[in-house]
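1. fold the stuff below for me.
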Amino acid sequence: MERSYAFYGNQAIIYTRGEVPRTAEGLIRTGAFRHAFLRYMEHLRKKDSPLLGIFPKKEPPERQDEIALGLLGRLAVMTGEEVAKDCPEFAGFFRDTYLLNQFIENFYNYWRSFERFLICYSDRNHETPLDKRPYTTFNETIEFLNHLVRKVYRDMCEHATGEHPRVYRQLPAGCQVGMIAAEGSPVLPRQYAALSSVPVIRQVLIVPPLIFDPPMNKRTGTPQKIGVNPLKGMEFGGEWLCYPAKVGELVINIYFHHRFMDIGTTLANIFDLASDDDIRRKPDAVYAFGMPLEKLKGLADPPTVFYDDEENDILVAAVPGTDDFGYFGYLKKLVLTLHNVSVMKKRGRMPVHGAMVRIMLKDGKSANIVIWGDTGAGKSETIEAFRVLAGGSMRDMSIVFDDMGSLELDGKGRLRAFGTETGAFVRLDDLRPGFAFGNIDRSIISSPQKANTRVALPVTTLHEITGGHPVDFLLYANNYDHVDDTHPVLERFAGAEQAMEVFRKGARIAKGTTGGESGLVYSYFSNIFGPVQYRELHERIAKKHFRAAFDTGVFVGQLRTMLGVPGFETKGPDEAAAALIKLIAKK
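-> Prediction:
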């Protein structure tokens, strides 16, 4: 028998094949309603809530539960007077209608305290599968359910108190996220048949802003390349979903366990869903997020691993399903590692850990700028400062990539840039208030009450990131030098060797947002996501690209953002942005 709901920690999931309750009675009879209510009652008892005062004294807990469920079922369709008249055993509940109303109100709030998801399974054998009519499907499921839950809540309160509310808040009272998943087998090598039964997400509906509170808020460690397939012998049951992500031009099938629905949902604001045509071909990589820890024990430390299956020409990654790894950064960075390895090996591209923007000014001048640097180097802050300072002189600014991209040499030996993500996963503190609040209505916010609060929001398009744009400026984000007469804001390198020495060293002042790093740290080309694991290959590619950059007149240098210098967290990026504006004006 198929289950109709599941609870994982603070997450509630409703499963359906297109049907949801259509009436108040139908809603209250569902297993999900009963389960949520029993958890609510247990919650009240644990803290000895005064709301339990609505019950007669010495009533045993099991009896309280059944009485209350019966009362709520009647209040959903009958006034308090009618309930008391028809069912005298409930008359005592109406002696204090304020307390009764608070009991109902707090149950509604308790339910809404969960992160709530609805998964619609589409049957491809049906005459009109749900994924082929998504707008209608979402309207008839999640939208109707949200309306019904609000209606039942309001009717219960009105019937309990005899009063209408004067302020109506149209909250997503049922579920905040809807997904349509098709039961279809993606094209996979025979050795990966276990993945073929996992439903593939075809459409996602979110009601932003979404606020999630995943178990972790930081990432540590480096992705580990291992010599054995981490998926060997793994069985994937009904608690998994596949998000086929378009990562630049690649397709990476991301399989995540239902206990990480919040993290899986965040993918929708970062990577486009692959098209039907995309999923008809073999993916470039597969990634299982939420594996049993015992399956990965002993493979690496930490067990955030990937494997190069050369025989089947596919990359494979896996991360354990424990709270220690319950952070979107683990999911995203390993996806980008798979991308980087693939484009290095198959396309000869050089991965870039950084950001790229295409800028057009009103005077007709333009520039394509790559700012290279690790977390906290000042990339996003400088770009945002540029957006503010350029103001009325700027005609347009397009983002090619915000975190990870790659450079390729075209037929004439010129650099071309490609992106990976259509969204950005950024620290809330790194965004200027105006931009953050201006985009909150489409954001997914993680851990707002903790340090390193992150926001996932759309920032560009698939067309933009796959366009292969020429590069005018290739700049290393130096956040540690103080600007003075011998250390200008913008410094041009004399040649490829000087440039590679700085880029290769990858120095920065760490801000403590990943891995607990602090102080001056170094990482090979600021990129532990692929280049470190394939250093020999990357070194050959890097030399080729840096020499080509100088041969074709690209401005290669370093931009001193001073983001790591105390007291210059805002002034540093502002000065860096001002220097960029002057440079473009002289172009």
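
2. how confident was the prediction at residue 435?
-> Per-residue confidence (pLDDT) for residue 435: 64.

3. same check on the one 5 residues further on?
-> We have a pLDDT of 81 for residue 440.

4. ok, now which ones touch it?
-> By C-beta atoms under 8 Å, 6 or more residues apart in numbering, the contact set of residue 440 is 208, 209. Quick note: C-beta positions are derived from backbone N, CA and C, even for glycine.

5. equivalent analysis for the one 4 residues further on, please.
-> With contacts taken as C-beta under 8 Å, 6+ apart, residue 444 has the following neighbours: 206, 208, 209, 210, 212, 265, 266, 269, 455, 456, 457.

6. how about a cut-off of 6 Å?
-> Residue 444 is in contact with 210, 266, 269, 456, counting by C-beta atoms under 6 Å, 6 or more residues apart in numbering.

7. against residue 216, how distant is it?
-> 16 Å (C-beta to C-beta, to the nearest Å).

8. got CSV for the contacts of residue 444, with distance to residue 17, pLDDT and secondary structure too?
-> Below are the contacts of residue 444 laid out as CSV (distance: C-beta to C-beta, whole Å; pLDDT from 0 to 100; DSSP: H, G, I helix; E, B strand; the rest coil):
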residue, distance to residue 17, pLDDT, secondary structure
210, 25, 95, strand
266, 26, 98, helix
269, 27, 97, helix
456, 29, 94, strand
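
9. can you redo those as JSON lines with neighbour count and distance to residue 492?
-> Shown next, in JSON lines, are those (neighbours: other C-beta atoms under 10 Å; distance: C-beta to C-beta, whole Å):
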{"residue": "210", "neighbour count": "21", "distance to residue 492": "44"}
{"residue": "266", "neighbour count": "25", "distance to residue 492": "39"}
{"residue": "269", "neighbour count": "24", "distance to residue 492": "37"}
{"residue": "456", "neighbour count": "26", "distance to residue 492": "35"}
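
10. pick the one among these closest to residue 181.
-> Closest approach to residue 181 among those (C-beta to C-beta): residue 266, at 16.8 Å.

11. I'd say the closest one and residue 329 touch.
-> No. Counting by C-beta atoms under 6 Å, residue 329 is not a contact partner of residue 266; they are 10.3 Å apart.

12. all strands of the stretch 351-500 of the chain, in order?
-> Taking DSSP state E, counting those that start in this stretch, the strands of the stretch 351-500 of the chain run over residues 366-372, 394-401, 404-409, 415-419, 423-427, 444-446, 454-458, 469-470, 473-478, 490-492.

13. distance between the ends of stretch 281-299?
-> 30 Å (C-alpha to C-alpha, to the nearest Å).

14. list the buried residues in it.
-> 282-291, 295-296, 299 (16 or more other C-beta atoms under 10 Å).

15. just the ones of the residues you listed in helices?
-> 295, 296 (DSSP state H).

16. burial count for residue 455?
-> 22 (other C-beta atoms under 10 Å).

17. repeat that for residue 42.
-> With other C-beta under 10 Å as criterion, residue 42 counts 11.

18. quick check: it is in a helix.
-> Yes. Under DSSP: H, G, I helix; E, B strand; the rest coil, residue 42 sits within a helix.

19. quick one: it and residue 10, what's the gap?
-> For residue 42, the distance to residue 10 - C-beta to C-beta - is 15 Å.

20. could the strands of the stretch 351-500 of the chain be laid out in a markdown table, adding distance to residue 561?
-> Shown next, in a markdown table, are those (distance: least, C-beta to C-beta, whole Å):
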| stretch | distance to residue 561 |
| --- | --- |
| strand 366-372 | 9 |
| strand 394-401 | 18 |
| strand 404-409 | 19 |
| strand 415-419 | 20 |
| strand 423-427 | 15 |
| strand 444-446 | 25 |
| strand 454-458 | 20 |
| strand 469-470 | 23 |
| strand 473-478 | 5 |
| strand 490-492 | 11 |
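
21. those strands: which one's closest to residue 159?
-> Nearest of those (C-beta to C-beta): strand 444-446, 35.6 Å.

22. spell out the secondary structure type for the nearest residue to residue 142 once chain neighbours are set aside.
-> Distances taken as C-beta to C-beta, 6 or more residues apart in numbering place residue 178 nearest to residue 142, at 3.7 Å, with adjacent residues excluded. The three-state label given to residue 178 by three-state DSSP is strand.

23. swap in residue 333?
-> Under three-state DSSP, residue 333 comes out as helix.

24. with adjacent residues omitted, what lies nearest to it?
-> Nearest non-adjacent residue to residue 333 (C-beta to C-beta, 6+ apart): residue 529, at 5.7 Å.

25. if I read this right, the one you found contacts residue 337, doesn't it?
-> Yes. Using C-beta under 6 Å, residue 529 makes contact with residue 337 at a distance of 4.2 Å.

26. ok, these two, which is more surrounded?
-> residue 337 (29 against 24).

27. tell me the confidence at the residue nearest to residue 142?
-> Looking at residue 178, the pLDDT reads 98.

28. okay, and the beta partners of it?
-> residue 118, residue 205 (DSSP bridges).

29. look at residue 232 and say how many residues are nearby.
-> Neighbour tally, residue 232, other C-beta under 10 Å: 12.

30. wait, residue 561 touches residue 479, no?
-> Yes. Counting by C-beta under 6 Å, residue 561 sits close enough to residue 479 to count as a contact (5.0 Å).

31. common neighbours of the two, please.
-> With C-beta under 6 Å, 6+ apart, residue 561 and residue 479 have common neighbours residue 378.

32. okay, these two: which has more neighbours?
-> Remark: of residue 561 and residue 479, residue 561 carries more neighbours, 33 against 30, as counted by other C-beta under 10 Å.

33. tell me the spacing between that one and residue 580.
-> Counting by C-beta to C-beta - residue 561 and residue 580 are separated by 11 Å.

34. please apply the same query to residue 47.
-> 55 Å.

35. and the two? which has more neighbours close in?
-> residue 580 (26 against 9).

36. check which helix or strand that one maps to.
-> Per DSSP states H and E, residue 580 falls inside helix 571-586.

37. in the stretch 101-250 of the chain, which spans are strands?
-> Using DSSP E, counting those that start in this stretch, strands in the stretch 101-250 of the chain cover 115-122, 177-182, 200-206, 210-212, 224-226, 240-247, 250-257.

38. before we move on, the earlier item: mind listing what the residue nearest to residue 333 touches?
-> 333, 336, 337, 340.

39. mind running it again at 7 Å?
-> The contact partners of residue 529, taken as C-beta atoms under 7 Å, 6 or more residues apart in numbering, are 223, 333, 336, 337, 340, 353.
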